[in-house]
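Asker: with the sequence up front, the predicted model follows.
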Amino acid sequence: MLEKIFKLKTHNTNVKTEVIAGATTFMVMAYIIAVNPTILSSTGMDETAVLIATCTATFVGTLLMGLVANLPFVISAGMGLNAFFAYTVCDSMGVPWQVALLAVFVEGIIFLIIALTPVRNAIVEAIPLSIKQAITVGIGLFIAFIGLQNGGLVVAGSKLVAPVDIKEDFHTAGICAIIAIIGILITFVLYIKRVPIALLVGVAGTWCIGMLAQAAGIYVPNEAQGFYSLYPSFGITDFSAVGKTFASCFDFKMLDTVGIANFIIIMFSFLFVDFFDTVGTLIGVSLKAGMLDEKGKLPQMRSAMVANSVAVMTGSVMGCSTTAPFVESAAGVGAGGRTGLTAVTTGALFLVSMLFAPVITSIPLFATAPPLVVVGFVMFSTVTDIKMGEKDWISAAPAYICILVMPLFYSISEGISLGIISYVLISLFCGKAKTIKPVMYVLAALFLLKYIFI
């Protein structure tokens, strides 16, 4: 039955590999179950309600991704988009969270329309190969950077970021960073030796080392500083809280507090970032996994984008910010996931975790560092495919900009935006206007307008 649904043999995989890959992806991105409610609760939304909404949207979108698109990608509340929702739209602009959810819902409808029309293919096919390759490399650096942050190895400093001082706060931040380093080294060795469960061991093993450190008194929890016990805590989620956010996006009377013009700007801001985060993640990870066809296209792109649009609308109705394919899906792909069974496995784990959220949220962030850093290396290796000779500089320079921007701007969509703008401008000024597809001019113009007005 599973063979018939997911075509495992065609994709040179098996049930065991796919399930392990799905579990790996879940372990790496389970932090969203705790982080998204924390961020959105700053708007006045109920934390437990947001938690349920996050898990529900993730399950619905990921299940569709697996069953309809047959791709190993997980859809969940996008990091960055949730911060924009909470801190920019609701906090700085003073928009009620109900109106922000309505903007997300409308964005999901427009996203669905784009996914079902030729506009989708026109945009994806217009992106040059060098930029597509750069997206893969940029995502590699991006998720490695996320891993280093999760491991506490990179912290805020006088020069924006700095390495952690292990001696300072040794029994909290210091020992967590050391454990993360140990986990990264172990995971690299296991991955190089082609151990099938290397990435999963990276998460579970690093967590176990942390618990041993706590038992030995080397790690000392300090809740005031945000360092909690590493032992799993048990409890049942209060599902009665879902009524505090369910269908709140349809409170149209709240629109009067914002105005149609501002509402449209907010909605298109969500749409812009969501669309190009989705395209970037799908193309970047698929390219490395060998899922693109000979023309550089992802055959299931339409189905994948439809799955995300449904997740966006589901999440907004339940009480969740905009969803997108998670870049951490690369961890599952790195573990060998090649079909929708990987996604279905992860989606099922999110459904179960909704029941026992306190257990899942016990996974420490530093335990997610090893697989993210290792997969970042695997994605980065695509850099050797980008032609960098002097005769290729016209296409190589925009690729470089795309790669550079993603981790430094902490955004996949920003990397794509500046990569495309620079590609068009450099090609024009270097006398290569004929090589630019018309859609690229349109995209470059839209990106420039976005930076000017949004």
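Answerer: Done, it's in.
Asker: spatially central residue in the protein, please.
Answerer: With the centre of the chain defined as its mean C-alpha position, the nearest residue by Cα atoms, centre = their mean is residue 326, 2.8 Å away.
Asker: now do it, the pLDDT please.
Answerer: What the model reports for residue 326 is a pLDDT of 94.
Asker: would you confirm that it contacts residue 72?
Answerer: No. Applying Cβ atoms under 8 Å as the test, residue 326 and residue 72 come out as separate, 11.2 Å apart. (Glycine included, C-beta is placed from N, CA and C.)
Asker: what's the overlap in contacts for those two?
Answerer: Listed as contacting both residue 326 and residue 72 by Cβ atoms under 8 Å, 6 or more residues apart in numbering are residue 25.
Asker: partners of the strand or helix carrying residue 324 in the sheet?
Answerer: Assigned by DSSP states H and E, residue 324 belongs to strand 323-325. Take DSSP bridges as the rule and strand 323-325 pairs in its sheet with strand 75-77 (antiparallel).
Asker: show me what the helix or strand that the partner strand is followed by is packed up against.
Answerer: On the C-terminal side of strand 75-77, the nearest following helix or strand under DSSP H and E is helix 81-83. Judged by 3 or more Cβ pairs under 8 Å, 6 or more residues apart in numbering; DSSP states H and E, helix 81-83 is in contact with helix 32-40, helix 260-289.
Asker: just to revisit the earlier point, now the residue nearest to the centre of the chain: how far from residue 437?
Answerer: Going from residue 326 to residue 437 by Cβ to Cβ, to the nearest Å gives 29 Å.
Asker: residue 362 too?
Answerer: Residue 362 is 49 Å from residue 437, where distance means Cβ to Cβ.
Asker: more neighbours: those two, which one.
Answerer: Counted by other Cβ atoms under 10 Å, residue 362 and residue 437 do not tie: residue 362 has more neighbours, with 18 against 14.
Asker: wait, a helix at that one?
Answerer: No. Counting by DSSP: H, G, I helix; E, B strand; the rest coil, residue 362 is not part of a helix but coil.
Asker: now the helices: where do they sit in the stretch 201-350 of the chain?
Answerer: 260-289, 301-318, 329-334, 340-353 (DSSP state H, counting those that start in this stretch).
Asker: out of these, flag the one nearest residue 187.
Answerer: Smallest distance to residue 187 across the helices of the stretch 201-350 of the chain (Cβ to Cβ): 10.3 Å, for helix 329-334.
Asker: give me the contact list for that closest one.
Answerer: Helix 329-334 is contacted by residues 21-22, 24-25, 28-29, 72-74, 139-140, 143, 191, 199, 281, 285, 288-289, 342, 346, 371-372, 374-375, 378-379 when judged by Cβ under 8 Å, 6+ apart.
Asker: filter those down to the ones in helices?
Answerer: 21-22, 24-25, 28-29, 139-140, 143, 191, 199, 281, 285, 288-289, 342, 346, 371-372, 374-375, 378-379 (DSSP state H).
Asker: still on that earlier bit, quick one: contacts for the residue nearest to the centre of the chain?
Answerer: Residue 326 neighbours (Cβ under 8 Å, 6+ apart): 25, 29, 32, 73-76, 78, 281.
Asker: and the residues you listed, which two are furthest apart?
Answerer: Using Cβ to Cβ, the contacts of residue 326 reach their maximum pairwise distance at 25 and 78, which is 15.5 Å.
Asker: which one of the two is surrounded by more residues?
Answerer: residue 25 (33 against 29).
Asker: and the closest residue to the more buried one other than its chain neighbours, how far is that from residue 138?
Answerer: Spatially, and ignoring its direct neighbours in sequence, residue 25 is nearest to residue 332 (3.5 Å; Cβ to Cβ, 6 or more residues apart in numbering). When distance is defined by Cβ to Cβ, residue 332 is 19 Å away from residue 138.
Asker: go on, residue 289?
Answerer: From residue 289 across to residue 138, the span is 16 Å (Cβ to Cβ).
Asker: the more surrounded of those two?
Answerer: Using other Cβ under 10 Å, the more surrounded residue of residue 289 and residue 138 is residue 138, with 34 against 22.
Asker: ok, the more buried one touching residue 413?
Answerer: No. Look at residue 138 against residue 413 with Cβ under 8 Å: they stay out of range, at 11.0 Å.
Asker: tell me, how many residues neighbour residue 430?
Answerer: Going by other Cβ under 10 Å, the residues that sit close to residue 430 add up to 12.
Asker: numbering from 25 from now on, please.
Answerer: That works, and once the first residue is 25, the last one we named lands at residue 454.
Asker: for the helices of the stretch 225-374 of the chain, which one sits closest to residue 33?
Answerer: Across the helices of the stretch 225-374 of the chain, residue 33 has its closest neighbour in helix 364-377 (12.3 Å, Cβ to Cβ).
Asker: what is the closest one packed up against?
Answerer: Against helix 364-377 (3+ Cβ pairs under 8 Å, 6+ apart) you get helix 26-30, helix 39-53, helix 71-88, helix 353-358.
Asker: adding distance to residue 133 and mean pLDDT, write the ones you listed out as TSV.
Answerer: Below are the helices and strands packed on helix 364-377 laid out as TSV (distance: least, Cβ to Cβ, whole Å; pLDDT from 0 to 100):
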stretch	distance to residue 133	mean pLDDT
helix 26-30	29	91
helix 39-53	26	95
helix 71-88	15	96
helix 353-358	24	94
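Asker: out of the ones you listed, nearest to residue 113?
Answerer: Among the helices and strands packed on helix 364-377, helix 71-88 comes nearest to residue 113, with 15.3 Å by Cβ to Cβ.
Asker: what about that closest one, distance to the chain center?
Answerer: Centre-to-centre, helix 71-88 and its host chain are 15 Å apart (Cα atoms, centre = their mean, to the nearest Å).
Asker: counting by contacts, list what it packs against.
Answerer: By 3+ Cβ pairs under 8 Å, 6+ apart, helix 71-88 packs against helix 56-64, strand 99-101, helix 325-342, strand 347-349, helix 364-377.
Asker: let me have the ones you listed in TSV, extended by mean neighbour count and distance to residue 198.
Answerer: Formatted as TSV, the helices and strands packed on helix 71-88 follow (neighbours: other Cβ atoms under 10 Å; distance: least, Cβ to Cβ, whole Å):
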stretch	mean neighbour count	distance to residue 198
helix 56-64	23	23
strand 99-101	31	31
helix 325-342	25	38
strand 347-349	32	34
helix 364-377	26	30
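Asker: my guess is residue 193 meets residue 249, correct?
Answerer: Yes. Residue 193 is within contact range of residue 249, at 7.3 Å (criterion: Cβ under 8 Å).
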